[in-house]
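Asker: sequence isn't available, so here's the structure alone:
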């Protein structure tokens with residue numbers, strides 16, 4: 001009984017010693033404000049940045065204004081730039097900023113006794129968004145062509161040029177006629193595209209044909225300022241490669257032919273194979289072949305491997321449904337003009353279609369249909385050029401068409 005009474009007295013003494021009556025309850029306690037400025041804001045007037053803030057309570061000394069191209073923190077303060085200092089009594093500061101710049105601002109407070117408070121509170125003494133000064137958007141300078149030269153060597157043509165400001169894309173074209181205006185591109189063949197200057201470039205055109213070359217920048221096409229200046233971005237004189245059909249045999253492909261092919265002589269002297277029959281027999285054979293090759297224009301698209309007699313060929317890639325982009329545009333062109341046998345309109349529409357830069361596969365398919373239309377128009381020589389150009393893509397079909405075109409030239 002005495003021990004319990006002594007314990008109660010001891011606890012009462014401890015309670016009065018450690019919990020004095022002058023300590024307020026938790027709900028009434030307050031946290032002292034941080035010794036830094038608060039409510040930092042900025043507004044931009046032309047090229048002037050006007051900062052304003054609320055002073056740090058109970059702190060006397062100086063406020064240092066700093067800025068950085070990244071948010072200011074205790075870790076990045078060493079990379080910040082000091083823009084000025086004011087006393088803690090002042091609450092504004094004006095800074096200058098150049099057009100197109102963006103800066104994060106912060107206020108660093110130092111007390112009168114030299115105590116520096118190097119911590120930053122977002123939206124209190126440090127901005128969370130940079131102050132941006134709008135600048136004029138400068139367009140890339142146009143490409144300035146200085147010189148343009150072509151040199152034939154064996155079965156290739158070496159194109160060299162000098163140009164300034166080649167940041168935009170460059171396009172190299174080849175044509176059998178000089179480049180004089182934007183309409184010249186409708187008859188030209190896109191050879192290659194570049195990003196920046198890649199001079200020199202080696203091309204392997206069809207041997208024995210004089211070609212003109214032109215180099216243009218995509219920006220001039222978009223802005224409508226395209227110009228062709230001989231010696232600067234287009235060739236002055238045509239250039240002709242020699243060397244036979246070496247360029248067309250670079251890739252491995254079938255070399256057998258369903259019909260004998262006379263030797264191709266680009267110079268113009270066509271050499272016939274040895275004659276094993278009499279002239280009358282040969283004339284009869286040519287007449288029979290020509291009669292069998294007359295196309296049936298009433299027949300619409302069909303596969304080349306399903307037709308024993310030559311006629312308009314419709315590639316399997318264009319028989320698919322759900323085509324999009326340039327493939328859908330090409331299919332629509334074929335359905336409207338090629339299949340009904342409107343050959344003149346088909347050639348004109350394909351030229352217009354290829355006046356815009358297309359993928360290599362789309363260009364090959366377009367020229368395959370264009371060549372067929374020329375053949376049925378009675379222009380086997382022009383058709384032969386296009387068939388030779390697509391030989392790498394469609395060797396089996398193109399080989400037979402090349403043979404038929406040459407046969408027409410011999411008749």
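Answerer: That came through, no problem. None of the values given here were measured: they were computed from a predicted structure. Residues are numbered from 1 along each chain as shown.
Asker: please name every helix or strand in contact with the one helix or strand residue 326 maps to.
Answerer: Assigned by DSSP states H and E, residue 326 belongs to helix 325-333. Applying 3 or more Cβ pairs under 8 Å, 6 or more residues apart in numbering; DSSP states H and E, we find helix 325-333 packed against helix 343-354, helix 360-376. The C-beta positions use only the backbone N, C-alpha and C, and glycine is treated the same way.
Asker: any idea what the most centrally placed residue in the chain is bridged to?
Answerer: By Cα atoms, centre = their mean, the chain has its centre lying nearest to residue 169, at 8.0 Å. Counting by DSSP bridges, residue 169 is bridged to residue 195.
Asker: that one against residue 194, yeah?
Answerer: Yes. Look at residue 169 against residue 194 with Cβ atoms under 8 Å: they come within range, at 6.9 Å.
Asker: which residues touch residue 127?
Answerer: Residues in contact with residue 127 (Cβ atoms under 8 Å, 6 or more residues apart in numbering) are 40, 42, 71, 104-106.
Asker: hang on, the earlier thing: residue 207: which of the helices and strands packed on helix 325-333 is closest?
Answerer: Across the helices and strands packed on helix 325-333, residue 207 has its closest neighbour in helix 360-376 (18.0 Å, Cβ to Cβ).
Asker: and the closest one with helix 343-354, angle?
Answerer: 160 degrees (axes from the mean of the first three to the mean of the last three Cα atoms, to 10 degrees).
Asker: now for helix 360-376, which elements pack on it?
Answerer: helix 325-333, helix 343-354, helix 380-389, helix 395-410.
Asker: same list (the ones you listed) but as TSV, adding mean neighbour count.
Answerer: Formatted as TSV, these follow (neighbours: other Cβ atoms under 10 Å):
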stretch	mean neighbour count
helix 325-333	16
helix 343-354	19
helix 380-389	21
helix 395-410	19
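Asker: would you mind giving those as a markdown table with distance to residue 204 and mean pLDDT added?
Answerer: Supplementary listing: the helices and strands packed on helix 360-376 in a markdown table, determined by distance: least, Cβ to Cβ, whole Å; pLDDT from 0 to 100:
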| stretch | distance to residue 204 | mean pLDDT |
| --- | --- | --- |
| helix 325-333 | 25 | 84 |
| helix 343-354 | 20 | 90 |
| helix 380-389 | 11 | 86 |
| helix 395-410 | 16 | 79 |
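Asker: got JSON lines for the ones you listed, with distance to residue 143 too?
Answerer: Formatted as JSON lines, the helices and strands packed on helix 360-376 follow (distance: least, Cβ to Cβ, whole Å):
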{"stretch": "helix 325-333", "distance to residue 143": "25"}
{"stretch": "helix 343-354", "distance to residue 143": "23"}
{"stretch": "helix 380-389", "distance to residue 143": "28"}
{"stretch": "helix 395-410", "distance to residue 143": "36"}
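Asker: so which of the helices and strands packed on helix 325-333 gets nearest residue 230?
Answerer: Distance to residue 230, taken as Cβ to Cβ, is lowest for helix 343-354 among those, at 23.3 Å.
Asker: contacts for that closest one?
Answerer: Contacts to helix 343-354, defined as Cβ under 8 Å, 6+ apart, come from residues 186-187, 189-190, 329-330, 333, 336-338, 363, 366-367, 369-370, 373-374, 376-377.
Asker: equivalent analysis for stretch 81-101, please.
Answerer: Contacts of stretch 81-101 (Cβ under 8 Å, 6+ apart): 37, 44, 47-56, 59-68, 103, 105, 109, 131-136.
Asker: what of stretch 149-158?
Answerer: For stretch 149-158, the surrounding residues in contact (Cβ under 8 Å, 6+ apart) are 159-161, 200-205, 207, 211, 213, 235, 239-244, 246-247.
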